[in-house]
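Q: please work out how this folds:
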Amino acid sequence: MVSEFYRRRSLALVLFCLAALPALTFLGEQVPSNNDIETWLPRNSSVRTQYDQFCSTFGADETILVAFEKPFPDADRIEALTGRMGGLAGVASCWSRHQVIQAMLKNDVSEATARERLVNLMATADDSLETLLISINRHGITHRAETVADIRHQLDYCGLNNAILAGAPIVATRLDRLGSREQAAMLFGLTLLICFLLMRLNIGCWKTSAALMVANVLCIELTLASIWASGMEMNFIMSSLPVMVMVFTTAASIHIIGHYRHELPSEDAVGRSLICVLRPSMFATLTTIIGLVCLAVSDIGPIPAFGVAAAMGTFFSFIIGVFLTPAVLIACRYVPLQEDLSQKYLQGTAMFVLNRPFRILVPGLLVTAICSVGIFELRSLISPLDFLPASDPVLKDTLLVQKSLTSPTSIEAVIDFGDEGSSFVDRLREVRTIESAIVEVDNVCHALSLADFFPEELSENTLSLTKLASASAGDSQVSGLMADGSRLWRVSIRLRNDDPSVLRATMLALTDRCDGMPVHFTGIGPLLEQAQGQIFQGFWKSFSSAFVLITIVMILALRSLSAGLIAMIPNLTPIILVFGTLGWCDYPIDIGIMMTASIALGLAVDGTFHFLFSFRDSQRLTGCRYRAVRQALLQTGMPIISSAVISGTGLLALGLSPFRPTMRFGVLMFCLLIAALVGDLLLLPAFLAIGAKRKRLSVPAENRARQSRIAA
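A: Reported below is the predicted structural model:
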């Protein structure tokens, strides 16, 4: 007998798990982290291939702009700082505005023209900022945090710690700090405390609640150790994984405890609880894993990794939540609480749903239909700046630079002259023609190429062989603007507005304006523009794949095509309600939000399985659909509610994360889980109650006794 096994082995099983916890914790701490912005951009596309080739050809594509507001530091201090910055291991070059102007003057560019060419790149029209432009080398990109720390140290050394810093390395370093293990540990600790207190309120025992929280930690460390063993890396999104695993484990434990209460004082209460929970929990785990694995269709790197890691965590949650919880209950000698008011309220709700199903269905389906219109208004958004908190100093500095100078998002034009035997001057003229076409696009505020370091009037006489050789060899002042001799030329384009919709229009305008010219466009800008579409496509692909596969599982579990299809209707309700509302409010879908639909669908089906299996068992015992709906609500209602509330509140703690996608993920998952209660405990019972009438019981006394205990 199962109960006998747990009575004999519970303490040994609990002690074994406690002994394994330190080793699993050690392995879990070995998982490396990778929060590079590039990992969030599309992986397998021609746009990404072109960008990687561009970086390989022209060197690293990351710069830092250091700006000073008035009163400006004196010129000697600026030049000294420039020299010190240029000597850092992670810095390829550092230019002051004065040095760039001097480089142009050496090539006979007039001073007025040189200053004008730097407006919106290193100077403002009203000369309100003094700037340095730092180019990061490959070592600096590999060690961004150290390089940024070295730059800040040099600023402090020179007494210029009031400088404004902007650029991709600054944002990436800040994001890396916000997504660090330390930040995730703080959120996890808060979630653990919240779940512990809610568990204590739910089951009424401090000792058992504490033991169940230790079981949650065991499941989390087992998941992290598996991530380490599989060679995956942690990132911003993966930092929310411990919280998810904890709420999954807690949900499974609550269902076991709920059925354990109903089966007492039977000697085989544990065995009967496992029998009642095992089937629906297996199917619920399978559907949740399906929802998570369907995230693999996304081309945004961390999302498929999150799906696989969370699927492993879901499996471990099922094992520990279902099979370890009985051992904890026996070892802690758990005694359930007596009947409380919540069960009485649930009885009243059950009678209302049974006697007035259309009062539930008509308004519920009407609101769902209205929200469904908003689904067609959904749009996507991916922007590294959008990952930062609104009050973050790095965001404020970046927005100041964007407003005063230029957007941090760049588009790179690569001009390929191929094998044609034109002279350097002819190519310089062609580059200038292409650059002139580029700056005519409305959203372009600045373009920089090697041609800007030479005067307007070009001839073989005005360009000495020394200057040509210097330019062709890649003078340090213009390095990265030309490659492969003089075959490949680069035009770096800065934008006024890098909003996704504007960026897409800008790319189309640039392509149209340069039609027929030997140029193609790459850079972070085109990658971000492509990522908008990837997020939206990934959202629909992952959700539709999860919906189809979960529907198949539902049909197989219920052994009925019609029952499986009807059962999926209430599970779509929370998705339509929440995402339809987002569409109506014009709230964009980001990386965090796009994952929630598939996960929420799998979680919503969890309550559906528990309810339907209980309903089917009750109908088989009583032969009355009316009584079966009522008894299924009374038996599974409180565990479903407790599971959703504890899990949702635990995920809501992610709303305190300074990393915005994680914050939105937690808040939206809370909304989806609470909305799922409407589908599981109102709409689904109301569908089943249509036309149901109470029948007189004509079942054996043994079954009547069991039914009275279940109803209680």
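
Q: what sits against residue 373?
A: 580, 583-584 (Cβ atoms under 8 Å, 6 or more residues apart in numbering). Backbone N, C-alpha and C define where each C-beta goes, glycine included.

Q: residues contacting the nearest residue to residue 539 once chain neighbours are set aside?
A: With Cβ to Cβ, 6 or more residues apart in numbering as the criterion, residue 539 has its nearest non-adjacent residue at 4.3 Å, and that residue is residue 594. By Cβ under 8 Å, 6+ apart, the contact list for residue 594 reads 298, 303, 380, 535, 538-539, 542.

Q: ok, residue 378 touching residue 590?
A: No: using Cβ atoms under 8 Å, residue 378 is not in contact with residue 590, being 11.5 Å away.

Q: that older thread, give me the buried subset of the contacts of residue 373.
A: 580, 583 (16 or more other Cβ atoms under 10 Å).

Q: dump the contacts of residue 373 to a markdown table, plus pLDDT.
A: Shown next, in a markdown table, are the contacts of residue 373 (pLDDT from 0 to 100):
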| residue | pLDDT |
| --- | --- |
| 580 | 92 |
| 583 | 92 |
| 584 | 93 |
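
Q: could you export the contacts of residue 373 as JSON lines, including secondary structure and distance to residue 273?
A: Below are these laid out as JSON lines (DSSP: H, G, I helix; E, B strand; the rest coil; distance: Cβ to Cβ, whole Å):
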{"residue": "580", "secondary structure": "helix", "distance to residue 273": "38"}
{"residue": "583", "secondary structure": "helix", "distance to residue 273": "42"}
{"residue": "584", "secondary structure": "helix", "distance to residue 273": "43"}
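
Q: got phi/psi on residue 356?
A: phi -140, psi 60 (degrees, to the nearest 10).

Q: in the stretch 601-712 of the chain, where is pLDDT below threshold?
A: Scanning the stretch 601-712 of the chain with the threshold set as pLDDT under 70 gives 695-712.

Q: tell me which residue is most central in the chain.
A: With distances taken as Cα atoms, centre = their mean, residue 592 lies nearest the centre of the chain, 3.1 Å away.

Q: and that residue, that's in a strand?
A: No: Residue 592 is assigned helix when assessed by DSSP: H, G, I helix; E, B strand; the rest coil, not a strand.

Q: grab the nearest non-local neighbour of it.
A: residue 661 (3.2 Å).

Q: remind me which residues of the stretch 251-400 of the chain are low pLDDT?
A: Along the stretch 251-400 of the chain, segments meeting pLDDT under 70 span 301, 338-342.

Q: in it, which spans are helices?
A: 269-293, 302-319, 325-331, 341-355, 357-375, 393-404 (DSSP state H, counting those that start in this stretch).

Q: swap in the stretch 401-550 of the chain?
A: So, for the stretch 401-550 of the chain - with DSSP H, counting those that start in this stretch - the helices run 424-439, 465-473, 500-513, 524-558.

Q: out of the ones you listed, which comes closest to residue 392?
A: helix 524-558 (19.6 Å; Cβ to Cβ).

Q: who does the closest one touch, helix- and strand-wise?
A: helix 46-58, helix 269-293, strand 410-416, helix 500-513, helix 561-584, helix 591-594, helix 596-622 (3 or more Cβ pairs under 8 Å, 6 or more residues apart in numbering; DSSP states H and E).

Q: same list (those) but as TSV, adding distance to residue 347.
A: Converted to TSV, these look like this (distance: least, Cβ to Cβ, whole Å):
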stretch	distance to residue 347
helix 46-58	58
helix 269-293	20
strand 410-416	64
helix 500-513	51
helix 561-584	21
helix 591-594	37
helix 596-622	15
